[in-house]
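Engineer: coords below, sequence missing:
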């Protein structure tokens, strides 16, 4: 009789552990190879200045990846992440510069707006039954257009000095923004591993029909996932606000590719039902490493777009392989 992969894993725990984490190990190996290559050809890549800049960019890429990850968990997507992020930033900037609202209150207001816009996306998807791709594509244009009209596309750069000061702060060569990103990552682990809400979101993505028959409120799970996505998009935008020291209407418009690359490279399934927080962090690190390395090597931005496009294509193919592999392992467990 042929042994299933699951049976072999039970007999050899080390083999099972390696099999379960093969994607993370492979991704970490690729990152190490890129670091070795960039360090060899561009010694400035590991300078304290570049490492600090890389840590600030990485923190934002991680949170942007989480924003897409929580929606992918339901089997949906959110193309409005960049638009939600810039709306939150411009709202907070307007409150601070034009209304004189203190920084902490403005930040909370920006996060609340992000969650609200995410709620509107989720509510529209659940109520209309229209695919999330269409709803969020439309809302991305709607949110961005409304923001540009209301703000007149003006940059808010007369902000409290604490904004730029926090963005420039560093511990060694690490930005405090990285601590925020990792704290959000820890919260994501708790959500999906230890809470009923996280399990409901994953169940809705794995098999919505079966989840409904089991009593899982699938509609609520989808709405909450989009609210979390909006909240995280707003958080990423506000982190970028600290980095730039100003609220700019162009913020978030280049987030689409990185937001999908980080979770998909990290092992989150496009079909839903499974996420990897650590994998998303590693996926974001790969994207940020490539961007930073090409910049240090003074290679044009169009090459970056080419690389990211190729990586996304490979990530989608890898996602398909993981889906087939997961299905085979599931059949092996039944056997």
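Structural biologist: That came in fine, so what should we check first? These figures come from a predicted structure and were not determined experimentally.
Engineer: Can you point out the buried residues in stretch 250-262?
Structural biologist: For stretch 250-262, the neighbour count (16 or more other C-beta atoms under 10 Å) marks 251, 252, 255, 256, 258, 259, 260, 261, 262 as buried. For every residue, glycine as well, the C-beta is placed using N, CA and C.
Engineer: Kindly report the same for stretch 299-310.
Structural biologist: By neighbour count with 16+ other C-beta under 10 Å, stretch 299-310 contains the buried residues 304, 307, 308.
Engineer: For this protein, give me the ranges with low pLDDT.
Structural biologist: Residues of the chain meeting the criterion pLDDT under 70: 1-20, 319, 322-335.
Engineer: what residue is smack in the middle of it?
Structural biologist: The chain has residue 65 as the residue nearest its centroid, 1.1 Å off, counting by C-alpha atoms, centre = their mean.
Engineer: where's it relative to residue 201, distance?
Structural biologist: Residue 65 sits 16 Å away from residue 201, going by C-beta to C-beta, to the nearest Å.
Engineer: now residue 212
Structural biologist: Distance from residue 212 to residue 201, by C-beta to C-beta: 14 Å.
Engineer: and the closest residue to residue 130 other than its chain neighbours, what helix or strand is that in?
Structural biologist: Distance criterion C-beta to C-beta, 6 or more residues apart in numbering; nearest residue to residue 130, sequence neighbours excluded, is residue 124 at 7.5 Å. Residue 124 belongs to helix 103-128 when assigned by DSSP states H and E.
Engineer: pretty sure residue 224 contacts residue 123?
Structural biologist: No: using C-beta atoms under 8 Å, residue 224 is not in contact with residue 123, being 10.9 Å away.
Engineer: Comparing the two, which shows the higher neighbour count?
Structural biologist: Higher neighbour count among residue 224 and residue 123: residue 224, with 21 against 16, using other C-beta atoms under 10 Å.
Engineer: Surely the more buried one forms part of a strand?
Structural biologist: No: per DSSP: H, G, I helix; E, B strand; the rest coil, residue 224 lies outside any strand segment and is helix.
Engineer: quick one, what contacts it?
Structural biologist: 122, 197, 201 (C-beta atoms under 8 Å, 6 or more residues apart in numbering).
Engineer: of those, closest to residue 268?
Structural biologist: residue 201 (12.1 Å; C-beta to C-beta).
Engineer: neighbouring contacts of the helix or strand harbouring the closest one?
Structural biologist: Residue 201 is part of helix 196-206 when elements are defined by DSSP H and E. Outside of helix 196-206, the residues within contact range by C-beta under 8 Å, 6+ apart are 70, 72-76, 190-192, 210-211, 214, 216-218, 220-222, 224-225, 269, 271-275.
Engineer: Then stretch 63-70?
Structural biologist: Residues outside stretch 63-70 that contact it (C-beta under 8 Å, 6+ apart) are 77-78, 81, 85, 180-181, 184-185, 188, 201, 225, 228-230, 232-233, 235-236, 239, 255, 258-263, 266, 268, 275, 277, 280-281, 283-284.
Engineer: So which of these are in helices?
Structural biologist: Among the contacts of stretch 63-70, DSSP state H puts 81, 85, 180-181, 184-185, 188, 201, 225, 228-230, 232-233, 235-236, 239, 258-263, 266, 277, 280-281, 283-284 in helices.
Engineer: Was I right to think residue 173 contacts residue 52?
Structural biologist: Yes: the pair residue 173 / residue 52 is scored as a contact, 4.7 Å apart, by C-beta under 8 Å.
Engineer: what's the burial count for the residue nearest to residue 74 when sequence neighbours are not counted?
Structural biologist: Spatial nearest neighbour of residue 74, chain neighbours left out: residue 205 (4.4 Å); criterion: C-beta to C-beta, 6+ apart. Residues lying near residue 205 (other C-beta under 10 Å) number 27.
Engineer: circling back to that earlier point, show me what the next helix-or-strand element following the helix holding residue 201 packs onto, helices and strands only.
Structural biologist: Sequence-wise, the next helix or strand downstream of helix 196-206 (DSSP H and E) is helix 208-213. Applying 3 or more C-beta pairs under 8 Å, 6 or more residues apart in numbering; DSSP states H and E, we find helix 208-213 packed against helix 196-206, helix 218-244.
Engineer: Of all the ones you listed, which one is nearest residue 56?
Structural biologist: Using C-beta to C-beta, the nearest of those to residue 56 is helix 218-244, at 5.2 Å.
Engineer: Work out the gap between that closest one and the centre of the chain.
Structural biologist: Remark: helix 218-244 is offset 9 Å from the chain centroid, using C-alpha atoms, centre = their mean, to the nearest Å.
Engineer: Okay, buried residues for it please.
Structural biologist: Counting neighbours by 16+ other C-beta under 10 Å, the buried set in helix 218-244 is 218-219, 221-244.
Engineer: If I take that helix and helix 256-266, what angle do their directions form?
Structural biologist: Interaxial angle, helix 218-244 versus helix 256-266 (axes from the mean of the first three to the mean of the last three C-alpha atoms, to 10 degrees): 120 degrees.
Engineer: relative to helix 103-128, how tilted is helix 218-244?
Structural biologist: Helix 218-244 and helix 103-128 are oriented at 150 degrees to each other (the same axes, to 10 degrees).
Engineer: Use 664 as the first number from now on
Structural biologist: All right, first residue 664 from here; so that's helix 881-907.
Engineer: now the angle from helix 881-907 to helix 859-869?
Structural biologist: Using the same axes, to 10 degrees: helix 881-907 against helix 859-869 is 110 degrees.
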